[in-house]
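Novice: Okay, predicted coordinates and the sequence, questions at the end:
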Amino acid sequence: MAAIRTAYLTAARSAVRLLDDPAVAEGWGRPSALAEFGVAGLAGHLASQVFQVEAVLAEPVPAGDPIGLLDHYARGSWIGASVDDDVNVGIRRVGEEIAQEGPQALVARTAEAVQRLAEALTREPAGRVVHLTRGPWSLTLDDFLTTRLMELAVHSDDLAVSVGVAAPELPVDVLEPVLSLLARLAVRRHGQQAVLRALARAERAPDRINAI
């Protein structure tokens, strides 16, 4: 199985363990560290990074060529959107809907989905393409998994901070694709020199090099 698929499954299992932390259930009805997002809705959004993969695999293989990974982010209306924009309101609503079943049921459903994906991903060919209805456009499956891997890593940190527990430590082979993607997005947004200086020259570093 491709390295990115293994990395994705590792991050997904880590997310399940975080969702199962008693602190998440205890903080279920409280606000999260993200504006307008409750802990429950954020937990649902984290779990959705697993459910979304099952959903795209259930659709027919699309015709036509996939776009590139950075093109996916260049086209995305959610990049730079305000907390009140429709796209972010919709994301929060879906997360809350997923979380309606409660913390224990969400953990069980997410764990079962990860187990199914562990088998399903071994059967998918290297060049598998998936269609993103919300795009609408297509990506290779491995590029799509890279986007979900990044979401799992970032939102695991968000959820951990929200409930006062340590953020999960991801293995190097899981974290490297996330950092690579974020660095490429940061360069596209702020330019090479801004990112280079932020990482290597604190005296010349810009205030921000956020990727998303």
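Specialist: Done, it's in. Numbers count the residues shown, from 1 in each chain.

Novice: tell me the contacts of the residue most central in space within the chain?
Specialist: Residue closest to the mean C-alpha point of the chain, counted by Cα atoms, centre = their mean, is residue 151 at 1.5 Å. Residue 151 sits next to 46, 49 when contact means Cβ atoms under 8 Å, 6 or more residues apart in numbering. For glycine as for every other residue, the C-beta is placed from the backbone atoms N, C-alpha and C.

Novice: secondary structure element for it?
Specialist: Using DSSP states H and E, the element containing residue 151 is helix 141-163.

Novice: Report the buried residues of the following helix or strand past that helix.
Specialist: Next helix or strand after helix 141-163 toward the C-terminus (DSSP H and E): helix 172-190. Going by neighbour count (16 or more other Cβ atoms under 10 Å), the buried part of helix 172-190 is 174, 177, 178, 181, 182, 185, 186, 187, 189, 190.

Novice: for stretch 116-133, what is the average pLDDT?
Specialist: Throughout stretch 116-133, pLDDT has a mean value of 95.

Novice: Would you mind giving the orientation angle of the helix holding residue 151 with respect to helix 172-190?
Specialist: For helix 141-163 against helix 172-190, the angle by axes from the mean of the first three to the mean of the last three Cα atoms, to 10 degrees is 90 degrees.

Novice: from now on call the first residue 120
Specialist: Okay, residue one is now 120; in that scheme the one you just asked about reads as helix 260-282.

Novice: what about the helices in this protein?
Specialist: Taking DSSP state H, the helices of the chain run over residues 122-138, 141-145, 158-177, 188-194, 205-218, 222-242, 260-282, 291-309, 311-319.

Novice: Compare these and give me the one nearest residue 330.
Specialist: helix 291-309 (3.8 Å; Cβ to Cβ).

Novice: ok, and what's touching the closest one?
Specialist: 122-123, 125-126, 129-130, 133, 188-189, 192-193, 265-266, 268-269, 272-273, 289, 313-314, 325, 327-331.

Novice: Distance from the chain centre to it, please.
Specialist: From the chain centre to the centre of helix 291-309 is a distance of 13 Å (Cα atoms, centre = their mean, to the nearest Å).

Novice: likewise stretch 197-215?
Specialist: 14 Å.

Novice: Quote the end-to-end distance of it.
Specialist: This stretch, stretch 197-215, spans 18 Å end to end (Cα to Cα, to the nearest Å).

Novice: quick one: the closest residue to residue 246 other than its chain neighbours from residue 265, how far?
Specialist: Leaving aside its sequence neighbours, residue 246 sits nearest to residue 259 (Cβ to Cβ, 6 or more residues apart in numbering; 6.7 Å). Relative to residue 265, residue 259 is positioned 9 Å away (Cβ to Cβ, to the nearest Å).

Novice: Equivalent analysis for residue 122, please.
Specialist: On the measure of Cβ to Cβ, residue 122 and residue 265 end up 11 Å apart.

Novice: Repeat that for residue 324.
Specialist: Distance of residue 324 to residue 265, computed by Cβ to Cβ: 27 Å.
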